[in-house]
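J.: Below are the sequence and a predicted model for it; my questions follow.
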Amino acid sequence: MQALNHDELLAFLNEMLEAERAGSKALLHVSKEAKEQAVASLAMQVHHDEARWCAMLIAAIRRLDASPSQATGAFYEKVLAIPEEKARLAFVNRGQGWVVKKLKEVIPRIEDEQLAKDLGVMLTSHEENIAKVNESGLAG
């Protein structure tokens, strides 16, 4: 498996940043609009993780002497288009699964050991959040 070159790595990190930013904003929106306190609380918990990963990705991109993307992924608008809060939460959870899939594909191709480790922690966090949402019974 060939390692990512500098440009490929930056493209991947910015793609992840845009996705995490979209998830973070969407979850904040879900939390604020939720009618059920349990949905609001769960959305806020996952939002905090998404925001944490945005910060990590921004720092990683800057360490590579590049400017982080300012864009928010299209996922955000897709979440907002879903009218029901539990369906929104389920859709966000599927988005978390997409991030897991991408991380599993790319981490083995990253030569920077610290970055690979950080992304591995991000991967585990996403897997745990998916399980938390699934186990909650709040995603419809």
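T.: In hand now; what should we look at?
J.: The nearest residue to residue 78 once chain neighbours are set aside: neighbouring residues, count only.
T.: Excluding the flanking residues, the one nearest residue 78 by C-beta to C-beta, 6 or more residues apart in numbering is residue 91, at 7.0 Å. Every residue, glycine included, has its C-beta placed from N, CA and C. As a burial measure, residue 91 scores 20 neighbours (other C-beta atoms under 10 Å).
J.: Can you give me the separation between residue 91 and residue 69?
T.: Separation of residue 91 from residue 69 (C-beta to C-beta, to the nearest Å): 22 Å.
J.: circling back: tell me which residues of the strand or helix carrying the residue nearest to residue 78 are tucked away?
T.: Using DSSP states H and E, residue 91 sits in helix 85-106. For helix 85-106, a neighbour-count test (16 or more other C-beta atoms under 10 Å) marks 85-86, 88-93, 95-96, 99-100, 102-103, 106 as buried.
J.: and the most centrally placed residue in the chain, what does it touch?
T.: For the chain, the residue nearest the mean C-alpha position is residue 20 (3.5 Å; C-alpha atoms, centre = their mean). By C-beta atoms under 8 Å, 6 or more residues apart in numbering, the residues touching residue 20 are 50, 53, 54, 57, 99.
J.: Now distance to residue 15 and pLDDT too, for the residues you listed, in a markdown table please.
T.: Shown next, in a markdown table, are the contacts of residue 20 (distance: C-beta to C-beta, whole Å; pLDDT from 0 to 100):
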| residue | distance to residue 15 | pLDDT |
| --- | --- | --- |
| 50 | 15 | 96 |
| 53 | 13 | 98 |
| 54 | 13 | 98 |
| 57 | 10 | 98 |
| 99 | 10 | 98 |
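J.: Identify those among those residues that sit within helices.
T.: Under the assignment DSSP state H, the contacts of residue 20 contribute 50, 53, 54, 57, 99 to helices.
J.: Adding distance to residue 26, write those out as TSV.
T.: Formatted as TSV, those follow (distance: C-beta to C-beta, whole Å):
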residue	distance to residue 26
50	9
53	14
54	13
57	17
99	13
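J.: Of all pairs in these, which one spans the longest distance?
T.: Farthest pair in the ones in helices among the contacts of residue 20 (C-beta to C-beta) is 54 and 99. Separation: 12.0 Å.
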